[in-house]
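> My questions are about this predicted structure, shown below with the sequence.
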Amino acid sequence: MTTMHHVSIGLTVAVILLPALAAAQKISYDIGSADFSGLKTFAFRDSPAADTDTENTTGYDSPLIDARTQAAIAAQLEARGLRPDNHNPDIYVTAHRDFKTEYAVYAPFAGGLGYGWGWGWGPYYTGWGPWYGGSYYVDERIIGTLIVDVQNASTGQLLWRGLARKHVHEHASPEHRTKRVNKEVVKMFEKFPR
């Protein structure tokens, strides 16, 4: 194989893998200066009402997803020694999801036969060069952000916030959605200070 053939194969693979890399889950968190050692119990608090109607019209934003998310968060907190207490908790946990549509425009690239200036053969020679052709395509994807706030129940002080951002699969099965929610929450709570 020629070097140009290797280059064109490499570029093709890179273009194919680029959307997959963009879909990777992104996690971030922020923490206050509070001491977490004295915290023993937690309870969930309802998140503020969103100004969107995706909860009523989609499968990826529904009360079923909210229940899966709360179950995954509770499992992570219990694994860290906290126990649920709805009457007198040490911390309140609030989980909220936000969705937006992102667009990515991709231009085709292919190695092909091109024309350029030559040396001593006349004004043109035939050789390898980039050839741009075809049409552009737009990738439309829904990006979901999970925000989890942990607040001191007695003071209302925000102690910890976790954020997870990932591409949403609109037509996933319930099992796949449960698996994705669990994976998202586990990765987020890797940085929880307990």
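Done, it's in.
> Quick one: name whatever helix or strand follows the helix or strand of the chain with the lowest mean pLDDT.
Of all helical and strand segments in the chain, the minimum by mean pLDDT, DSSP states H and E falls on helix 3-22, at a mean of 45. On the C-terminal side of helix 3-22, the nearest following helix or strand under DSSP states H and E is strand 26-31.
> Low-confidence ranges, the protein, go.
Low-confidence segments of the chain (pLDDT under 70): 1-24, 48-59, 108-134.
> quick one, strands of it?
26-31, 41-44, 83-84, 91-106, 110-116, 125-131, 137-152, 158-167 (DSSP state E).
> Adding distance to residue 75 and mean neighbour count, write the ones you listed out as CSV.
Where you see a C-beta, it was placed from the backbone N, CA and C, and this is true even at glycine. Output for these, formatted as CSV (distance: least, Cβ to Cβ, whole Å; neighbours: other Cβ atoms under 10 Å):
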stretch, distance to residue 75, mean neighbour count
strand 26-31, 17, 14
strand 41-44, 12, 18
strand 83-84, 11, 12
strand 91-106, 12, 15
strand 110-116, 49, 12
strand 125-131, 52, 13
strand 137-152, 13, 16
strand 158-167, 15, 19
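> Columns distance to residue 71 on top of these, output as JSON lines?
Shown next, in JSON lines, are the strands of the chain (distance: least, Cβ to Cβ, whole Å):
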{"stretch": "strand 26-31", "distance to residue 71": "19"}
{"stretch": "strand 41-44", "distance to residue 71": "10"}
{"stretch": "strand 83-84", "distance to residue 71": "11"}
{"stretch": "strand 91-106", "distance to residue 71": "11"}
{"stretch": "strand 110-116", "distance to residue 71": "48"}
{"stretch": "strand 125-131", "distance to residue 71": "52"}
{"stretch": "strand 137-152", "distance to residue 71": "13"}
{"stretch": "strand 158-167", "distance to residue 71": "16"}
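> Quick one: closest of those to residue 65.
Closest approach to residue 65 among the strands of the chain (Cβ to Cβ): strand 91-106, 7.1 Å.
> counting contacts, what elements does that closest one pack onto?
In this structure, strand 91-106 makes packing contacts with helix 3-22, strand 41-44, helix 63-79, strand 137-152, judged by 3 or more Cβ pairs under 8 Å, 6 or more residues apart in numbering; DSSP states H and E.
> Kindly recompute the last result at 10 Å.
The elements that strand 91-106 packs onto, with contact taken as 3 or more Cβ pairs under 10 Å, 6 or more residues apart in numbering; DSSP states H and E, are helix 3-22, strand 41-44, helix 54-57, helix 63-79, strand 137-152, strand 158-167.
> And for residue 168, the neighbour number?
21 (other Cβ atoms under 10 Å).
> my guess is it contacts residue 176, does it?
No - using Cβ atoms under 10 Å as the test, residue 168 is too far from residue 176 to be in contact (11.4 Å).
> Overlap in contacts, these two.
Shared contacts of residue 168 and residue 176, defined by Cβ atoms under 10 Å, 6 or more residues apart in numbering, are absent.
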